[in-house]
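A.B. asks: show me the folded form of this:
(chains A and B)
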Number of protein chains: 2
Amino acid sequence: MTDALPTGSTIGILGGGQLGRMLSVAASRLGFRTHIFEPSANPPAAHVADRVTTAPYDDLAALAAFAASVDVVTYEFENIPTAALDVLEKTHPIRPNRRALAVSQDRIAEKDFLTSLGLTTAPYAGVTTLDDLHHAITKIGTPAILKTTRLGYDGKGQARLKSPADAEAALAQMNGAPAVLEGFIDFSHEVSVIAARGTDGSVACYDPGENVHKDGILSTTTIPARLSPSQRTDAILLAARILNALDYVGVMGVELFVTRAGLIVNEIAPRVHNSGHWTQNGCAVDQFEQHIRAVAGWPLGDGARHSDVVMENLIGDDILRVPQIAREKNAALHLYGKAEARPGRKMGHVNRIVG
Amino acid sequence: MTDALPTGSTIGILGGGQLGRMLSVAASRLGFRTHIFEPSANPPAAHVADRVTTAPYDDLAALAAFAASVDVVTYEFENIPTAALDVLEKTHPIRPNRRALAVSQDRIAEKDFLTSLGLTTAPYAGVTTLDDLHHAITKIGTPAILKTTRLGYDGKGQARLKSPADAEAALAQMNGAPAVLEGFIDFSHEVSVIAARGTDGSVACYDPGENVHKDGILSTTTIPARLSPSQRTDAILLAARILNALDYVGVMGVELFVTRAGLIVNEIAPRVHNSGHWTQNGCAVDQFEQHIRAVAGWPLGDGARHSDVVMENLIGDDILRVPQIAREKNAALHLYGKAEARPGRKMGHVNRIVG
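C.D. replies: Numbers count the residues shown, from 1 in each chain, chains lettered A, B, ... in the order given. From the prediction side, this is the model:
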């Protein structure tokens, strides 16, 4: 732990949502303070942070002051503007590094990177014009999904093509943004690997979880996932290969489709991941602490699963079920302190210990 | 949950030490904010609280403003001045209630209360003068321990009497404060029950833990404790009797001596307790969340033990062992973010999952 940040150091976190909130709590367990940088007022992370800066990501003076007040910079979301990163990197390392951000900010760069490692992704082709889209359909076929290359999450910025006739309408939904057409994958289920890599190059993966989505938003993650022993090994080795190739430091979420032909990488997220929330009640060291340990230069902790868990997201009006959930046996609630429950908004989650 | 505080409410916490810190983190899991009232600057709880008031407990205006900003008041320590409680109670219920505080602030009131319930304590007698002490020694014998009736903790304000000849020196150590002479108990080991009671009168107890002290300070708590099934039942029923008798709301620590003649109550603490820290890694709902649930009028959560745990306090220079502990398997660190490691100061703890 020569280069490890000592207890009492300050972790700077870009983004004050629920991931920043749970990172801040995990940082406190190791004796760290946190400083949150977030454009919107009263973000969830502010309730449990030592300091908060409220400023937009193009306020470079605020960013510089933020950087000067912290010992390392990390983030809870991947769409950080390049100019902001330039300012921050003058003072401190950004962990995970900029290459991880660059690769994950752009669906085409991500798939190019993954295929360069010999990993399998959905067939894909970049699309800007209707002409591009027709060519892509010829190559990939339908059904297919057209997605903006940047800034998409939770099913936003996506259009399904059932047949080539849907091309024009799908492209219109991109609002002129560069897009990528992705071929349909015939998968039986989706799993994800929450993987961590330390500054010493060591890698630790949590047991893969099985994800179920509703309306494009993660609904449940069940641990352990339905995987054969060899699939499980494949999943973990594949995640480790991605982290090593990026010289990655921190926690990454790797979403995989399980198919008859093997595992296909859906996408990677260079941060703690919703499908890793189960670790809060299934492991001695959860994904949030693991991320803080990594970015602080500490040894990775023990992420072995001591309990089987089913994580359920509480989305929008699901928050109304909290009084019932609070009475359940073996249920651990994690609420995000958001004032308003809008449809599709993640309000909290519950980890049910099932064995 | 008719009278339950809704998510987003603010829990006021008197005291900003490590217990306040961990209460604040637990409150965040249920979507609550916390406001810490603490006389000293930069307390551990401030790093993870929404608001902090820095003022002494005799600043009644600061207390009134604090009370006006919160939805319920609780505390992390029992020695709150009466005048402070008077101000706070004008605005909000204090949970646990004042009777619990009154009983636990004074060793004689505590033992009078416990014996009135038919529970066994060490033989005791109030002592102010040397004459009192000689009479007490005649009644109780030696060896015995003389303790100030108020404000003692972690072995402070105590003097051992090996023989009647130690009387004068022991009394001098009380600095004129009212004291109590306690008879020696021949116990095999000490256990504690962390018990919770909700506003609906329901009681939930965690599995008793076995405590080992060093130099008068808790060193380790091992779960489960060495108890026969009937001793275990006795311990839990006894704790429940105490909580019901006080119409208690919140978590209480009940320390018990295990003797051939049965369980003897050492002392009670009307708050979360160091010997309950193991629950953070052994249960779906830990003692801190259980306390927040109770004072917020929520149903108690599931405190069933899913793992066996040994909790070790990190005291003073023990903090230097953190780099080694951080590499251990099955070890969960909880550091308090205190800048200076003085001898006897609790710097953190580690929960080792042992089964």
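A.B. asks: show me what the longest helix that chain A contains is packed against.
C.D. replies: In chain A, with assignment by DSSP state H, the single longest helix is helix A:229-245. Judged by 3 or more CB pairs under 8 Å, 6 or more residues apart in numbering or on different chains; DSSP states H and E, helix A:229-245 is in contact with strand A:189-197, strand A:203-205, strand A:250-259, strand A:262-269. (Each C-beta comes from the backbone N, C-alpha and C, glycine too.)
A.B. asks: now do the contacts for residue A:309.
C.D. replies: A:222-223, A:278, A:281-282, A:351-354 (CB atoms under 8 Å, 6 or more residues apart in numbering or on different chains).
A.B. asks: pick out the most distant pair among the residues you listed.
C.D. replies: The two members of these with the most space between them (CB to CB) are A:222 and A:281, at 13.3 Å.
A.B. asks: which one of those two is surrounded by more residues?
C.D. replies: Taking other CB atoms under 10 Å in any protein chain shown, residue A:222 and residue A:281 do not tie; residue A:281 has more neighbours (24 against 20).
A.B. asks: wait, isn't that one in contact with residue B:286?
C.D. replies: No - contact between residue A:281 and residue B:286 fails when scored by CB atoms under 8 Å: they sit 10.5 Å apart.
A.B. asks: quick check: buried residues in the longest helix of chain A?
C.D. replies: Buried positions in helix A:229-245, judged by neighbour count with 16 or more other CB atoms under 10 Å in any protein chain shown: A:231-232, A:234-236, A:238-243, A:245.
A.B. asks: now swap in stretch A:139-152 and tell me
C.D. replies: Those would be A:140, A:142, A:144-150, A:152, for stretch A:139-152 by 16+ other CB under 10 Å.
A.B. asks: what bits of the stretch 101-250 of chain A have low per-residue confidence?
C.D. replies: A:152-156 (pLDDT under 70).
A.B. asks: the strands in the stretch 101-250 of chain A, which residues?
C.D. replies: A:124-127, A:144-148, A:158-161, A:179-183, A:189-197, A:203-205, A:209-214, A:217-223, A:250-259 (DSSP state E, counting those that start in this stretch).
A.B. asks: quick one: which two of the buried residues of stretch A:139-152 are the most distant?
C.D. replies: Across the buried residues of stretch A:139-152 (CB to CB), the longest gap, 23.6 Å, separates A:142 and A:150.
A.B. asks: on that earlier part again, out of the buried residues of stretch A:139-152, which is nearest to chain B?
C.D. replies: residue A:152 (28.2 Å; CB to the nearest CB).
A.B. asks: columns distance to residue A:301 on top of the buried residues of helix A:229-245, output as a markdown table?
C.D. replies: Formatted as a markdown table, the buried residues of helix A:229-245 follow (distance: CB to CB, whole Å):
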| residue | distance to residue A:301 |
| --- | --- |
| A:231 | 26 |
| A:232 | 21 |
| A:234 | 24 |
| A:235 | 21 |
| A:236 | 17 |
| A:238 | 22 |
| A:239 | 17 |
| A:240 | 17 |
| A:241 | 22 |
| A:242 | 21 |
| A:243 | 16 |
| A:245 | 23 |
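A.B. asks: between the residues you listed, which sits nearest chain B?
C.D. replies: Nearest to chain B among these, with distances taken as CB to the nearest CB, is residue A:236, at 18.0 Å.
A.B. asks: residue B:25 is in contact with residue A:47, correct?
C.D. replies: No - using CB under 8 Å, residue A:47 is not in contact with residue B:25, being 10.3 Å away.
A.B. asks: in helices only, show me the contacts of residue A:309.
C.D. replies: Short answer: those in helices (DSSP H) are A:281-282.
A.B. asks: filter the contacts of residue A:309 down to the buried ones.
C.D. replies: Buried by 16+ other CB under 10 Å: A:222-223, A:278, A:281-282, A:351-353, out of those.
A.B. asks: between the residues you listed, which is closest to residue B:316?
C.D. replies: Nearest to residue B:316 among the buried ones among the contacts of residue A:309, counting by CB to CB, is residue A:281 at 31.8 Å.
A.B. asks: show me what contacts that closest one?
C.D. replies: A:307, A:309, A:332, A:351, A:353, B:284.
A.B. asks: skip the chain neighbours and tell me the closest residue to it.
C.D. replies: residue A:351 (4.0 Å; CB to CB, 6 or more residues apart in numbering or on different chains).
A.B. asks: check the helices and strands packed on helix A:229-245 for me and report the most buried one.
C.D. replies: Mean neighbour count (mean count of other CB atoms under 10 Å in any protein chain shown) peaks for strand A:189-197 among the helices and strands packed on helix A:229-245, with a mean of 26.
A.B. asks: excluding residues flanking it in the chain, which one is nearest residue A:122?
C.D. replies: residue A:182 (4.5 Å).
A.B. asks: I'd guessed that neighbour sits against residue A:148; true?
C.D. replies: No - in this structure, residue A:182 is not within contact of residue A:148 by CB under 8 Å, at 11.7 Å.
A.B. asks: distance of whichever residue of the stretch 251-355 of chain A sits closest to chain B from residue A:318?
C.D. replies: Residue nearest to chain B within the stretch 251-355 of chain A: residue A:335 (3.4 Å; CB to the nearest CB). Applying CB to CB, to the nearest Å, the value for residue A:335 to residue A:318 is 11 Å.
A.B. asks: so what's residue A:259 closest to, chain neighbours aside?
C.D. replies: Counting by CB to CB, 6+ apart, the residue nearest residue A:259 is residue A:187, at 4.8 Å.
A.B. asks: pull the number of nearby residues for that neighbour.
C.D. replies: Residue A:187, neighbours per other CB under 10 Å, totals 17.
A.B. asks: quick check: it touching residue A:262?
C.D. replies: No - with contact defined as CB under 8 Å, residue A:187 does not count as touching residue A:262 (10.5 Å).
A.B. asks: helix, strand or coil for the spatially closest residue to residue A:29 that is not a sequence neighbour?
C.D. replies: Sequence neighbours aside, residue B:334 is the residue nearest to residue A:29 in space, at 5.3 Å (criterion: CB to CB, 6+ apart). Assigned with DSSP: H, G, I helix; E, B strand; the rest coil, residue B:334 falls in the strand class.
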